[in-house]
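Enquirer: sequence first, predicted model second:
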Amino acid sequence: IRKQGNRWIAYVGHHGGSSQNTLTGKVEDNGTSIVYVTDPKQPKYLAHIPGDHPTAGAGESGGAQMVRICDGTELPHADKSKVYLLRAAGTTAHEMWDVTDPAKPNRMNVIVNGLNDTHKSWWECDTGIAFLVSGKPGWRAKRMGQVYDLSDPSEPVFIRDFGLPGQQPGATGTQPSDMHGVMSTGPKGNRVYAAYGTTHNGVIEILDRDKLIHGPKDPTKANLEYPVVARLDLPPEVGAHTIYPLIGMNLPEFAKFGSQSKRDFLIVPGETTDNECHDAKQMLRIFDITTESKILGVSTWTVPEASGNFCSRGGRFGVHSTNENLTPIYYKRIVFVAHFNAGVRAVDVRDPFNPKEIAYYIPAITDKTDKRCVGTGANEKCKIAIQTNNVEVDDRGYIYIVDRANTGMHILQLTGDARRVANLP
């Protein structure tokens, strides 16, 4: 969600499928919705960029699930009058679009295509460096990483491929879990955090950003290990969907214990993918990385199933993702967690050793909410269920949630005691 001039615009990625474009009346492949949200009580649909057509077979395809925005005034070599959109085009490509006029998006180029998959990338607006989650042919992993210089969005420059040792072409032995999400702290923090294995056999990787960008590029085992600061392999039933860093946390509880009072943490959600609790429940886990080479798990948070009998409500129950905007309104205070049929949850993380839920919102189902099923054939049983899939916040403090079961987008704000935890203006 970006401020463009005096307007606030939400850019929303969609899963594969097709829907009617309400602006044109035409049925289009799901892609990217562009929504005017300056007045959050009266959002206005501005444009839809069609995505790829889904293909038959297992897994997700089509759509344009992920999107990042950078302003030309931030990017080092961009046209300062423009605003740029980086998106995954289905599972086969990454694209650059000009959204200076959000009602009239214009594709500039295809950064890379012919991929086997795509997912949750990261784009540094101050440097232009992009960490793309891709599936490059020849690699053993369905999803791995690619680094591009997009400081001039009109001229993408490839830097390197990366991933876990064992994923590279020609490797043998056990294949490590696929990359799912990546996040960078930029040149100042000099760290890139990568998550692998959403539902099982999760891996957390901390990378030296400078070594990753400027180190040896050939994807050998030694070169893939060169930028690694630390790696933690999680138990088989624990996934790592994305990573949200909490760097420089001041902990009042340890104020009398010297340097122990200032610490660094990572928040790591897994992703629940089964319906009605037939597989391991994925939760929110917090790790102490103050001593980076010794990653230490310190707490776990989840919604208690009995609080809403969620396993019997239908659809997925468990965590999926958190907000990623590091606005000072919420950073180091509140993290918002998309929890599928348990809606969105606001978690107080001021004490990472004891995260506490302070607010929640579960949307009501509508006539557009899709069913979620278990079983097959005569044993198939379906239920209509909310599936809050992703959450983001803007720099005004509004919270945006989108639903995986077609219920749409909700714009929320904190109230009551929870609002006082935030650093709202």
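Expert: Arrived safely. Numbers count the residues shown, from 1 in each chain.
Enquirer: first to last residue in stretch 126-146, what's the distance?
Expert: Using Cα to Cα, to the nearest Å, the end-to-end distance of stretch 126-146 comes to 19 Å.
Enquirer: list the pairing partners of the helix or strand bottoming out on mean pLDDT in the chain within its sheet, with orientation.
Expert: Least confident helix or strand, the chain: strand 18-20 with a mean of 92, by mean pLDDT, DSSP states H and E. Using DSSP bridges, the strands paired with strand 18-20 are strand 27-29 (antiparallel).
Enquirer: which parts of the stretch 51-200 of the chain are helices?
Expert: Along the stretch 51-200 of the chain, counting by DSSP state H, counting those that start in this stretch, helices occupy 186-189.
Enquirer: rewinding a little: what sits up against the least confident helix or strand of the chain?
Expert: With Cβ atoms under 8 Å, 6 or more residues apart in numbering as the test, strand 18-20 has contacts from 26-30, 53. Quick note: C-beta positions are derived from backbone N, CA and C, even for glycine.
Enquirer: for that strand, buried residues please.
Expert: Buried residues in strand 18-20, counted by 16 or more other Cβ atoms under 10 Å: S18.
Enquirer: next one: it to chain centre, how far?
Expert: 24 Å (Cα atoms, centre = their mean, to the nearest Å).
Enquirer: re the thing from before, which member of the contacts of strand 18-20 is positioned nearest G138?
Expert: Closest to G138 out of the contacts of strand 18-20 is H53 (25.0 Å), distances taken as Cβ to Cβ.
Enquirer: distance of that closest one from S81?
Expert: 34 Å (Cβ to Cβ, to the nearest Å).
Enquirer: which one of those two has more residues nearby?
Expert: H53 (15 against 9; other Cβ atoms under 10 Å).
Enquirer: do I have it right that that one meets G63?
Expert: No - applying Cβ atoms under 8 Å, one finds H53 not in contact with G63, separated by 9.3 Å.
Enquirer: between these two, which contacts overlap?
Expert: 16, 29, 90.
Enquirer: list the strands paired with the helix or strand harbouring L266, with their directions.
Expert: L266 belongs to strand 262-269 when elements are defined using DSSP states H and E. Strand pairing for strand 262-269, using DSSP bridges, gives strand 244-250 (antiparallel), strand 284-288 (antiparallel).
Enquirer: so which of those is the most surrounded?
Expert: When these are scored by mean count of other Cβ atoms under 10 Å, the highest mean neighbour count falls to strand 284-288 (a mean of 22).
Enquirer: and that one, what's its mean pLDDT?
Expert: When pLDDT is averaged over strand 284-288, the result is 98.
Enquirer: if we look at it, which residues are touching it?
Expert: 204, 232, 238, 263-270, 295-302, 319, 322, 335, 337, 347, 349, 352-353, 355.
Enquirer: mind listing the residues bridging to the closest residue to I69 other than its chain neighbours?
Expert: Counting by Cβ to Cβ, 6 or more residues apart in numbering, I69 lies nearest to R2, which is 4.8 Å off, once chain neighbours are set aside. Counting by DSSP bridges, R2 is bridged to I9.
Enquirer: what is the neighbour count of R2?
Expert: R2, neighbours per other Cβ under 10 Å, totals 19.
Enquirer: what of P54?
Expert: Using other Cβ under 10 Å: P54 sits among 18 other residues.
Enquirer: give me phi/psi at A378?
Expert: Main-chain dihedrals, A378, degrees, to the nearest 10: phi -70, psi -20.
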